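> Please find the sequence and the predicted model below.
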Amino acid sequence: MSHGVRVIRTDVSSAGASTSSSPPDSGRLDRAYASSCPAMLKVVQMLLLLIAFICIRNSVWTDYSAYSYFEIVTMGDFVMILVFYIVYLFRVYRLLTCISWPLAEFLHYLIGTILLLIASFVAAAKSYNSGGLVAGATFGFLATFLCILSIWLSYKVSCVTQSTDAAV
């Protein structure tokens with residue numbers, strides 16, 4: 001018996017199962033994905049990241065390196081979430097089968113969430129009660145929470161026992 005940690009995808013793809021009555025290849029736009037929970041979560045994440053960026057950008061900075069790092073992380077996450085949103089909305093994952101899109105998205109969320117959490121902590125610590133900086137850090141924390149929620153809803157990480165016996 002071998003024990004290991006496996007990542008099990010809880011839905012078919014981030015796009016989810018197509019629930020519309022139209023045929024699955026009825027155009028380039030996946031309307032079922034556009035109204036799904038993962039798509040709405042991505043839109044809210046992008047909105048929060050954009051608000052956090054604008055709050056920090058329009059404030060008087062107390063520490064240049066801390067806030068430039070926050071800006072880079074928020075815009076990097078924003079762009080990557082937008083890329084994955086477009087990939088699933090326009091079904092690009094069907095054309096580029098050489099890329100494991102669920103794994104790429106999982107790694108993006110994992111790394112991006114950690115970087116965003118660090119950036120939000122640094123921004124909050126260096127804010128010195130400046131309203132815009134505190135608001136930016138708060139929106140950064142909210143976006144971090146939604147990224148964690150997205151990982152939680154899309155993947156189930158479980159410790160499973162794998163037997164080496166072939167069951168017939």
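Thanks, I have the structure now.

> Quick one: the strands in the protein, in order.
Residue ranges of the strands in the chain, as given by DSSP state E, are 2-9, 155-162.

> need the contact list for residue 115.
Counting by CB atoms under 8 Å, 6 or more residues apart in numbering, residue 115 touches 73, 76, 77. Heads up, the C-betas are built off the backbone N, CA and C, glycines and all.

> Equivalent analysis for residue 144, please.
Going by CB under 8 Å, 6+ apart, residue 144 touches 113, 116, 117, 120.

> isn't the last one right up against residue 133?
By that I understand residue 120. No: shown here, residue 120 and residue 133 do not form a contact pair, counting by CB atoms under 8 Å, at 11.2 Å.

> where does the protein dip in pLDDT?
Applying pLDDT under 70 to the chain flags residues 1-26, 156-168.

> so what's the closest residue to residue 50 other than its chain neighbours up against?
Using CB to CB, 6 or more residues apart in numbering and skipping the chain neighbours, the partner closest in space to residue 50 is residue 78 (6.2 Å). Going by CB under 8 Å, 6+ apart, residue 78 touches 46, 49, 50, 53.

> now the helices: where do they sit in the protein?
Under the criterion DSSP state H, the chain contains helices at 31-34, 37-57, 64-89, 101-125, 131-154.

> Give me the distance between the longest one and the centre of its chain.
Distance, stretch centre to chain centre, for helix 64-89: 10 Å (CA atoms, centre = their mean, to the nearest Å).
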